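> Just the structure for this:
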Amino acid sequence: CTVLDVIVEHPVYGQLTGSLQLSSRHDVRQFLDRCARSDARPLSDLTGGIHLHTLSCPDEAAAERVRSVLRELGVLLEG
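Just a heads-up that it's a prediction; the model follows:
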């Protein structure tokens, strides 16, 4: 699956979206390295860590694998 973006809901600005386009572990490592080298705060800091991602998955089985891992990590909010 590809993580397309990160979305937060801000009480003043409404929905804020940042493009990510992370489709491999290499992409994720590069993103985390950029975060570590930057003084910038992630969008999720605006909402106490609560945020959404839009995923593009090749099929439902791949999407369920992602949900399962996020559930195991305790970071999937289900409603």
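
> the strands in this structure, which residues?
Ranges of strands in the chain, per DSSP state E, are 2-10, 14-22, 52-56.

> Okay, angle between the second one and strand 52-56 too, please.
This points to strand 14-22. For strand 14-22 against strand 52-56, the angle by axes from the mean of the first three to the mean of the last three Cα atoms, to 10 degrees is 40 degrees.

> Buried residues in strand 14-22, which are they?
Under the neighbour-count criterion of 16 or more other Cβ atoms under 10 Å, strand 14-22 has Leu20, Leu22 buried. Just so you know, the C-beta spots here come from the backbone N, C-alpha and C atoms, and that holds for glycine as well.

> what do you get for the first one?
Buried residues in strand 2-10, defined by neighbour count with 16+ other Cβ under 10 Å: Val3, Leu4, Asp5, Val6, Ile7, Val8.

> now the last one
Residues of strand 52-56 classed as buried under the neighbour-count rule (16+ other Cβ under 10 Å) do not occur.

> Let's check: the centremost residue of the chain is which one?
In the chain, the centroid-proximal residue (Cα atoms, centre = their mean) is His53; its distance is 4.3 Å.

> Show me where the protein has its helices.
Taking DSSP state H as the criterion, the chain carries its helices at 25-37, 60-73.

> Throw the ones you listed into JSON lines and include mean pLDDT and distance to Ser19, thanks.
Listed next are the helices of the chain as JSON lines, based on pLDDT from 0 to 100; distance: least, Cβ to Cβ, whole Å:
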{"stretch": "helix 25-37", "mean pLDDT": "95", "distance to Ser19": "11"}
{"stretch": "helix 60-73", "mean pLDDT": "96", "distance to Ser19": "19"}
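
> picking that back up, among the buried residues of strand 2-10, which one sits closest to Arg34?
Nearest to Arg34 among these: Val6, at 13.6 Å, using Cβ to Cβ.
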